[in-house]
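Undergrad: quick one, fold the following:
(3 chains)
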Amino acid sequence: MTEGFKPIAITLENCGKTFADGTRALHPLTLEIAASETIVFLGPSGCGKTTTLRIIAGLETPDPGGRVLFDGEDVTALPIERRRVGMVFQSYALFPNMSVAENVGYGLRVRRVAGAEAAGRVAEMLAMMRIEALADRRIDQLSGGQRQRVALARALAVRPRVLLMDEPLTALDAKLRDALRLEIDELLRRLGITAIYVTHDQAEAMALGDRIVVMDHGRVAQVGKPRDIYQRPSTRFVADFIGTMNRINGTVRDGAFVTAAGAIPWREAPPGASEALFRPEDVTLDDTAEAHLRGRLTAAFFLGDRTRLFIDVGMEKPLVTETGARRDFTHDEPIGLRIDPRGLMAL
Amino acid sequence: MRHETPRLILLLLPAGIFFTAFFLLPLSRLFAIGGSGADGFAAYAAIVTDRNYFASLLSTLALAAATTAATLVISGISGVFLQRSRFPGNAILVAMLTFPLAFPGVVIGFMVIMLAGRQGLIGEIALRLTGEKIVFAYSMAGLFMGYVYFSVPRTILTVMAAAEKLDPKLEEAARSLGASTWQVVRDVIIPGLKPAFISAGAICFATAVGAFGTAFTLATRINVLPMVIYTEFTLQANIATAAALSFVLGAVTWVVLAAARTAAGSSVAAAG
Amino acid sequence: MKRRGALFWLQLGFTLFVCAFLIVPVFLSMMAGLTVNYLTGIESGLTLRWVGEVWSGYRDTIFLSMGIALACLAGTLVLGIPAAYALAKRPTAMTRAIEELLVMPVAVPGLATALALIVTYGAAGGFRTSWTFILTGHILFTLPFMVRSVLAVLNAIDLNTLEEGAASLGAGFTQRFFHVVLPNCRTGILAGSLMVVTLSMGEFNMTWLLHTPLTKTLPVGLADAYASLRLEVGSAYTLIFFLMIMPLLLALQAMTRHVR
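TA: Below you'll find the predicted structure:
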């Protein structure tokens, strides 16, 4: 089923976008996307991620000087209908005047692919997305998850050179989102297609992306593998946007980071660092005298498998950690914390 | 999408050319002719300076105002009632009330004659009850009746559509705060329907100012502006005056509709 | 079900009265058209004589009106749908102004428009005396209804995304327009078409000035008949008119109900 997909490499050269009213949606961006790679553009709304996707798709033209290359071929001047891309829209953009099968077959129809071949391809796509039973349904009879499957089948039916997805799961509820995320991941690996995925959901980005491009205010904040982005954020924005980040002020002294709430051993501390950052999972509770930091509990949310704790250590924001401890917590109780030095970062 | 402006202009062009050739151009010509009479462009002031014209302008406006007020009251009561109360026969009543939706003015004139003309129903009933026949079709009262007849169906539709969108929770909230039925009507329902009233009322008004068919059917001697224009044009062959008067008439209706659109904030779809 | 108070019955009574006001004259005129002598009443017997008289005398007006209505529909479809599409695609101050302009022939009294047409094109002999002169006026007057109706639907669907979806699958403009745009605004086109045909059939304000003795439409004939012939003939003529527009009115009503 995977034959027919010829993944391509995509190059963006100085692609910026300024809209007619003068707003700068995207600062000039240069990026290489390898064939078969899944790349995720991640960021809050208005960060320029959708604009980037639309430039790759051919729905927007980059500002003069910007170029889009598909396998080295300059496609900047080609409109979307001649780029041979597949696109999945946030609102699905399924045609209400056509049945499910007609939607899936529409790309073949405009390409004048003949009857039996087209029918075969439609059947194959419906089977791949496990929606054969819906073939003759009208679009308004489908649930959100079913619509998303139809949209994917439709985009893939024409064997596009690249699959573009604009927040495809945003309109779905949480459980369905998780299930479909898994399915999309499996599909992308199997087809080996070059895929570009836009989302504001960092969990989605982490799960799907070979690489993640974090964007902020029309600029690239960081490009990297999910693990790198999470563990070594290069800017304060990335650190805060991805996951939960604790921060505490202090000074480096004798191989330790000394704060008002206690000292954390930190041999590799960069000299002169005035702030230490660490993730909740690098914090453990410690009732002994060896605890690094001491504070008071401000809130505890019981989440079932674990409890999320907020601990006031005299900083602007409380520190966050999670524990599997089977006990009740009381407001204002004193808490001792131990920080894994391998998780410490400075920016 | 990209580079589509030339295409959109091309798509607008046929309608644009037609509209320019057969509306904008003729209207500007009409404007010029209106000023080509013996008095020049002073002819445009004649509607206020000439006592006869001014009188017919005033009676036209008074008639339109009365029509609008009556139509809004009637449609407001029946429209809200039909939208709110579910009872057997409701749908049939709605169908009957909106049936005359697209009757042309001439036919409506004839309906008024059937009701209040020389052989009309009202006259017959009055004759049996009081021994005296009432005939008012061929007068201002008949015209008023005709315009109300014309405007009620479409206004009821507008009111019903607006009433359907009124959030019943607002009403419940008002009641929970102790408001009486009358206070709910005054403080919740009427304000909620205001945009619909304004837009429907403006269309009512504009129709009553500019319509011609009903007046023509009832009598040529009713002193409203459209009839005056028609008489000037056909009987007096006074084209310049007719042009000037009809231009003013057009301006009045257009201003009323535009003002209502601004006030209502939504689109006021005018109707013939 | 809660008990209905006095207010309910008061409102119901009022509404029934309004209903009678609107419907009774329709019935009276239908009856009159089939009665031998309306003054004597139904006892004088029923007859098709008046209908026959109208048919022989005014048949041409009926056919002319139907022809003009269909031509008018064709005109508004060809001019109106592309225009509505363009207006929907670019909701700017400029297109708002154009929309406003296009609606003017409805706001400006038909009498004024007709006069304007006559003073501008009255001298163009062939045009002035042909039925296309009336058609021009009708298209001017009905075009806004088509544009508005289609525009309303286009604004309600997510036009841009649908088109982008089609384009992403390789469809060029023509394919997008005929495969996706047109089918998805067919309710608007249908509603607009019904409105256009109904209004064209009944248009009088302009037509009375635009017509010539050889180009009389149905409403012009009606006005003639009302003015000069006996009540029964006018009624019979009205009856024919009702029969012609009844299907249109019922369809329009069904659509309005559907939309609501």
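Undergrad: tally of neighbours for the residue nearest to C:Leu7 when sequence neighbours are not counted?
TA: Closest residue to C:Leu7 apart from its sequence neighbours, by CB to CB, 6 or more residues apart in numbering or on different chains: B:Thr181 at 7.2 Å. To be clear about C-beta, it is placed using only N, CA and C from the backbone, and glycine gets the same treatment. Counted by other CB atoms under 10 Å in any protein chain shown, the residues lying close to B:Thr181 total 11.
Undergrad: one more: A:Asp328?
TA: So A:Asp328, with other CB under 10 Å, has 9 neighbours.
Undergrad: Three-state assignment for it, please.
TA: coil (DSSP: H, G, I helix; E, B strand; the rest coil).
Undergrad: what's the longest helix in the chain?
TA: Let's take chain A. Counting by DSSP state H, the longest helix found in chain A is helix A:174-191.
Undergrad: oops, wrong one, chain C.
TA: helix C:49-89.
Undergrad: list, one by one, the residues from the stretch 101-250 of chain C near chain A.
TA: Neighbours of chain A within the stretch 101-250 of chain C, by CB under 8 Å from any CB of the partner chain: C:157-158, C:161-162, C:164-172, C:175, C:179-180, C:183-184, C:186.
Undergrad: filter these down to the buried ones, PyMOL style.
TA: Applying 16 or more other CB atoms under 10 Å in any protein chain shown to these, the buried members can be selected in PyMOL as follows:
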select buried, chain C and resi 157+161+162+164+165+166+167+168+169+170+171+175+179+180+184
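Undergrad: any stretches of the chain with poor pLDDT?
TA: Since no chain was named, I'll use chain A. Residue ranges of chain A with pLDDT under 70: A:1-3.
Undergrad: wrong chain, I was asking about chain B
TA: B:1-3, B:220, B:264-272.
Undergrad: who touches stretch A:102-116?
TA: With contact meaning CB atoms under 8 Å, 6 or more residues apart in numbering or on different chains, stretch A:102-116 is reached by A:94-95, A:98, A:117-119, A:121-122, A:125-126, A:139, A:150, A:153-154, A:157-158, C:166, C:169-172, C:175, C:179.
Undergrad: sorry, back to before: narrow the residues of the stretch 101-250 of chain C next to chain A to those in strands?
TA: Members of these lying in strands (criterion: DSSP state E): none.
Undergrad: who's in contact with the residue most central in space within chain A?
TA: Centroid-nearest residue in chain A, with CA atoms, centre = their mean: A:Ala205, separated by 2.3 Å. A:Ala205 is in contact with A:40, A:42, A:197, A:199, A:212, A:226, counting by CB under 8 Å, 6+ apart.
Undergrad: mind running it again at 6 Å?
TA: A:40, A:42, A:199, A:212 (CB atoms under 6 Å, 6 or more residues apart in numbering or on different chains).
Undergrad: tell me which stretches of the stretch 101-250 of chain A form helices.
TA: A:115-128, A:144-157, A:174-191, A:202-208, A:226-231, A:236-241 (DSSP state H, counting those that start in this stretch).
Undergrad: please disregard the earlier target; I meant chain C.
TA: Using DSSP H, helices in chain C cover C:6-34, C:49-89, C:93-107, C:110-121, C:125-129, C:131-156, C:159-168, C:173-176, C:182-184, C:186-202, C:207-210, C:218-228, C:231-259.
Undergrad: next, format these as TSV and append distance to B:Ala32 and mean pLDDT.
TA: Supplementary listing: those in TSV, determined by distance: least, CB to CB, whole Å; pLDDT from 0 to 100:
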stretch	distance to B:Ala32	mean pLDDT
helix C:6-34	43	90
helix C:49-89	27	91
helix C:93-107	18	85
helix C:110-121	9	89
helix C:125-129	19	82
helix C:131-156	20	93
helix C:159-168	41	94
helix C:173-176	41	94
helix C:182-184	41	94
helix C:186-202	30	90
helix C:207-210	19	90
helix C:218-228	29	86
helix C:231-259	38	80
